[in-house]
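*Asks:* turn this into a model:
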Amino acid sequence: MKQPAHIIAQRLLNLYRQAHVINGGWAAVNQVFIAESNDPKVTEELAKMPTGKRLVTHIENLRSGKTKMDAIESELLPYGGIIAVQEAPVKLTDNELAELKSALDSFEPNPEGLEKIKQLGFVSKFGSNWTEDIKSMISHDTDMLTKWEDVTRTARAYQMWDSAKQLISEDLTERDRAKIQADMPEFETYLPMFGDEGNKVLAKLRTFISSAS
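*Replies:* Numbers count the residues shown, from 1 in each chain. Okay, the predicted model is just below:
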């Protein structure tokens, strides 16, 4: 069954905002924008959303050929281009790598273990995208990289858990329905990690998005 236009629009907006961390970057997400925005109702819904008008213009540029399929006009970058314009990457010193290796050897996938990683002195240098940035710093070390994936999964799991708990504690709107629908694959991945309570929260989210009026 075809998804409602507002759900497709929310998914495209999420891709637009996260293009800087998606494998393949603009070359990958631009293909999705073209493929999923054929219905005029989708762009109508996008235009109603925060920063959605920028994405509509970007899609129009792609369709007209003004913008190449692996690019985006600088004035249409999400967040005003603040994220896309990056400084030279932060490097880890030998001492910091040793400290990280020791922390990974003792990492436990729970809030306390995650907090110990976050409290490492150098982690704050990487900002909000710390999991991906540090991953790129240790990509040469297969053992550390494997252990870092546990940290990444744990961090994302608790992020999705907090998001889900917040959503079900509020009076949900149609916009929330679209967000839940767009994020449902991740909710289905991570919420069962929280046992019975996680499954109950997931069931509530599923019930909400299936009860469209």
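
*Asks:* how far does the longest helix anywhere in the chain sit from the chain's center?
*Replies:* As assigned by DSSP state H, the longest helix anywhere in the chain is helix 142-168. Here helix 142-168 is found 11 Å from its chain centre; the criterion is C-alpha atoms, centre = their mean, to the nearest Å.

*Asks:* likewise for stretch 203-213?
*Replies:* Centroid separation for stretch 203-213 versus its chain: 22 Å, with C-alpha atoms, centre = their mean.

*Asks:* need the contact partners of that stretch.
*Replies:* P4, A164, L167, I168, L172, D176, R177, I180, Q181, M184, F187 (C-beta atoms under 8 Å, 6 or more residues apart in numbering). C-betas here are computed from N, CA, C, even on glycine.

*Asks:* what's the PyMOL line that selects buried ones from those residues?
*Replies:* To isolate the buried ones among the contacts of stretch 203-213 in PyMOL, judged by 16 or more other C-beta atoms under 10 Å, type:
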select buried, resi 4+164+167+168+172+176+177+180+181+187
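
*Asks:* filter the contacts of stretch 203-213 down to the ones in helices?
*Replies:* A164, L167, I168, D176, R177, I180, Q181, M184, F187.

*Asks:* farthest pair within these?
*Replies:* Between any two of these, the greatest separation by C-beta to C-beta is 14.8 Å, found for I168 and Q181.

*Asks:* where do the domain boundaries of the chain fall?
*Replies:* 5-81, 94-210 (automatic domain parsing).

*Asks:* tell me the mean pLDDT for stretch 110-126?
*Replies:* Across stretch 110-126, pLDDT averages out at 90.

*Asks:* equivalent analysis for stretch 37-46, please.
*Replies:* 91.

*Asks:* cool, and stretch 6-23?
*Replies:* 81.

*Asks:* show me what counts as buried in that stretch.
*Replies:* H6, I7, I8, A9, Q10, R11, L12, L13, L15, Y16, A19, H20.

*Asks:* same check, this time on stretch 183-193
*Replies:* Here stretch 183-193 shows D183, F187, Y190, L191 as buried, counting by 16+ other C-beta under 10 Å.

*Asks:* want to throw those residues into a markdown table with distance to S210 and pLDDT?
*Replies:* A markdown table is the format used below for the buried residues of stretch 183-193 (distance: C-beta to C-beta, whole Å; pLDDT from 0 to 100):
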| residue | distance to S210 | pLDDT |
| --- | --- | --- |
| D183 | 15 | 84 |
| F187 | 14 | 91 |
| Y190 | 20 | 90 |
| L191 | 16 | 93 |
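
*Asks:* before we move on, back to that, ranking the domains of the chain by burial, who's on top?
*Replies:* Mean neighbour count, computed with mean count of other C-beta atoms under 10 Å, is highest for domain 5-81 among the domains of the chain, reaching a mean of 17.

*Asks:* so what's the gap between that domain and the chain middle?
*Replies:* Taking C-alpha atoms, centre = their mean, the mean C-alpha location of domain 5-81 is offset from the chain mean by 15 Å.

*Asks:* span of stretch 128-147 from start to end?
*Replies:* Distance across stretch 128-147, first residue to last, is 20 Å (C-alpha to C-alpha, to the nearest Å).

*Asks:* change the start of the numbering to 163 and stick with it
*Replies:* I'll keep to 163 as the first residue from here, and by that count the last item is stretch 290-309.

*Asks:* contacts for that stretch?
*Replies:* 183, 251-254, 259, 262-263, 266-267, 269, 280, 285-286, 288-289, 310, 313-314, 317-318.
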